[in-house]
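J.: pasting a predicted model and its sequence here:
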Amino acid sequence: MSHHDRNPFVGSWTYRSLLNDPDGSKAFNDLEFGEGTIVIEDGPPELLTGTIGGPGWSLALHGSRGYGSPAQVRFQGKGLVGGAEWIYDYIGWLVPVWPNSTATLQRPAIVGSVVRTIPHPASGGGVSPAGVVASFYAVKVD
């Protein structure tokens, strides 16, 4: 049995995050915080390494995995994007298998929270400030 067989986090995940805005009248598209692909590498069961990124950006991931109920990931993404350092911290939990669902109807998913750890230049000008918190989910691709 390889690490991949035992480790439910290893693989590619489609990542999306939304701002935690309580204004229910705000358009769904205006809540977008980020999107990309998370790739979690095979390795020791307690260690999490990999990448998160999309077109024009990529952050190296480093953190831990825990196998409680539900299983947890805690990691930091760090890298240079357009010459500026980006650091984000993530915590998430693997959604347990629902007894009344099936492997066809329920995709593995991680749900959690992300915080921008340091400020960085915003894509439209200005600064994206540190401390902004969003909610995320990631759906396993493979």
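T.: Noted; the coordinates are in hand.
J.: ranges for the helices of this structure?
T.: With DSSP state H as the definition, the chain shows helices at residue ranges 3-6.
J.: so where is it shaky, pLDDT-wise?
T.: Low-confidence regions of the chain, defined here as pLDDT under 70, cover residues 1-5.
J.: what about the strands in it?
T.: For the chain, the strands defined by DSSP state E cover 11-19, 32-40, 47-54, 57-66, 72-81, 84-94, 109-116, 120-121, 127-128, 133-140.
J.: for those strands, which one sits closest to N100?
T.: Between N100 and the strands of the chain, the shortest gap by CB to CB is with strand 109-116, which sits at 16.4 Å. Placement of C-beta: from N, CA and C, glycine included.
J.: can you list the strands that the closest one pairs with?
T.: Within its sheet, strand 109-116 is paired with strand 84-94 (antiparallel), strand 133-140 (antiparallel), according to DSSP bridges.
J.: which one of these lies nearest to E35?
T.: Here strand 133-140 is closest among the strands paired with strand 109-116 (CB to CB), at 9.4 Å.
J.: buried residues, that closest one. List them.
T.: Buried positions in strand 133-140, judged by neighbour count with 16 or more other CB atoms under 10 Å: A134, S135, F136, Y137, A138, K140.
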